[in-house]
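Novice: Need coordinates for the following:
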Amino acid sequence: MPDMKSPLLQSFASVAFAGILFVSSARAQAPPAATEPATPETGALQLARLGDFKLRGGDVIHDFTIGYRTLGTLNAAKSNAILWPTWLGGTTHDLLTFAGPNNVVDTGKYFVIFADAIGDGVSSSPSNSSAQPLMKFPSFNIRDMVESQYLLVAQVLHIPHLHAVMGISMGGMQTFEWAVSHPDFMDIAIPMYGSPQLTSYDDLLWTAQIMALQLDPAWNHGAPTGTFTRGAALEEEIGVMGLTSPAYRVAHTKSGEFGSFSGVILSTTLTAGEAANHIRQRQAMMGLDVGAEFGDTLEYAAKRVHAKMLVVVSSEDHLVNPTPAIEFANAIGAPILTLDSACGHLSLSCISAGPIVAQFLADPSSVKTETLHDVPGGSAPGLE
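Specialist: Below you'll find the model as predicted:
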């Protein structure tokens, strides 16, 4: 999704997907929960320093650091841990509102690990690397994000197995990658609005955003400096166009209101570091193809999955095309939860899928393929 630090999206970063989390899940059962209450420090940002981190492409990120936050308490059997990586441009701070008592990811039952993806400005990124700043920061891919999280979980937190991996958008892409690259490491995988393989439509969108940044004078022929203005605004405009369906935008922004609406977009600026982060994370997504990664088709890669998987898609998603996710689910007979809403990539904020996701976390066999429908036009909180 468009980066949550943009002026237009900043105001609803914490509620954009609230429909999935802020629902009662009392009917759901869970793995044996810890009996000790969480400490006051629960949810604080922590940094794990992993030294030199070798990327799949052969390059190395020097002095690699991964950011993470934990909520809840790990039970004695270490069987209640859930990993949730960040979406495009998001940080673990954005995810804090999505877990807590009686939410879908109930911290009274689960030990939740929010992980900052490479390039988000918290974990090692072009914006914060002193050894490899800006575009000197090596290209990485979704698998590299997953491997950094594996080291965090297995070597830093000493958790040998996860109850679940779940995520939204780019977090959903990481969830697909987790399921095929570490098939025995989790019991459940829930990719929401993610993809195991980007389509030509997706590539067109992300390429357009990268090109927009490279057209800004601050790009400086690949040695970015200063503040990105027009290029940053154009990148944001492209992202907002894909965030929801055309029907949603027509219904929620009247013709007479377009000036003020577009004015917010045009006010978008980025530092050189932020622009480099944007480019590197988009390049990572564009390289995602789990079928090619394992030398075969998407269907072949899907057969590697051992976890129980629930695939959540939107029929009106114009930001991450749902076709590969649907094909992946069909290849392994996984249930598909389709949200039919004009809210598009933000449909989780217009249709409450929370009870179904909570139920799947507790009892995967009880959830079947289903389509949930929104009212015409959609009504995402905080987007009007």
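Novice: Return the list of helices and strands in contact with the helix or strand harbouring residue 191.
Specialist: Here residue 191 sits within strand 186-192, counting by DSSP states H and E. Counting contacts by 3 or more CB pairs under 8 Å, 6 or more residues apart in numbering; DSSP states H and E, strand 186-192 packs against strand 162-168, helix 170-181, strand 308-309, strand 311-314, helix 354-362. Glycine gets a C-beta too; all of them are placed from N, C-alpha and C.
Novice: Rebuild the ones you listed as a markdown table, extending it with distance to residue 280 and mean neighbour count.
Specialist: As requested, the helices and strands packed on strand 186-192 are exported to a markdown table (distance: least, CB to CB, whole Å; neighbours: other CB atoms under 10 Å):
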| stretch | distance to residue 280 | mean neighbour count |
| --- | --- | --- |
| strand 162-168 | 19 | 28 |
| helix 170-181 | 12 | 28 |
| strand 308-309 | 28 | 23 |
| strand 311-314 | 26 | 28 |
| helix 354-362 | 30 | 23 |
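Novice: if I look at residue 147, how far off is residue 294?
Specialist: 15 Å (CB to CB, to the nearest Å).
Novice: When these two are compared, which one has more neighbours?
Specialist: residue 147 (21 against 15; other CB atoms under 10 Å).
Novice: ok, which stretches of the protein are helices?
Specialist: Counting by DSSP state H, the chain has helices at residues 7-10, 18-21, 92-95, 142-151, 170-181, 200-214, 230-243, 246-252, 258-266, 272-286, 290-293, 298-302, 323-332, 354-362.
Novice: tell me the most buried of those?
Specialist: Mean neighbour count (mean count of other CB atoms under 10 Å) peaks for helix 170-181 among the helices of the chain, with a mean of 28.
Novice: quick check: angle from that one to strand 162-168?
Specialist: 140 degrees (axes from the mean of the first three to the mean of the last three CA atoms, to 10 degrees).
Novice: so where's the longest strand in the protein?
Specialist: Determined from DSSP state E, the single longest strand within the chain is strand 60-71.
Novice: so what strands line up beside that one?
Specialist: strand 46-54 (antiparallel), strand 111-115 (antiparallel) (DSSP bridges).
Novice: ok, back up a step: how far off centre is the strand holding residue 191?
Specialist: With CA atoms, centre = their mean, to the nearest Å as the basis, strand 186-192 stands 13 Å off its chain's centre.
Novice: For the longest strand of the chain, list every residue counted as buried.
Specialist: Across strand 60-71, burial judged by 16 or more other CB atoms under 10 Å covers 61, 64, 65, 66, 67, 68, 69, 70, 71.
Novice: Please apply the same query to stretch 337-347.
Specialist: Neighbour-count burial for stretch 337-347, counted by 16+ other CB under 10 Å, picks out 337, 338, 339, 341, 342, 343, 344, 345, 346, 347.
Novice: can you list the weak-confidence ranges in the stretch 201-350 of the chain?
Specialist: Judged against pLDDT under 70, the stretch 201-350 of the chain has no low-scoring part.
Novice: dump the residue contacts of the nearest residue to residue 192 once chain neighbours are set aside.
Specialist: Distance criterion CB to CB, 6 or more residues apart in numbering; nearest residue to residue 192, sequence neighbours excluded, is residue 312 at 4.1 Å. Residue 312 sits next to 172, 190, 191, 192, 193, 336, 337, 339, 348, 353, 357 when contact means CB atoms under 8 Å, 6 or more residues apart in numbering.
Novice: ok, the first one to residue 214 distance?
Specialist: In other words, residue 172. Distance from residue 172 to residue 214, by CB to CB: 27 Å.
Novice: what's the answer for the second one, then?
Specialist: For residue 190, the distance to residue 214 (CB to CB) stands at 35 Å.
Novice: And residue 321, by the same measure?
Specialist: Counting by CB to CB, the gap from residue 321 to residue 214 is 24 Å.
Novice: ok, now residue 367?
Specialist: Taken as CB to CB, the span from residue 367 to residue 214 is 44 Å.
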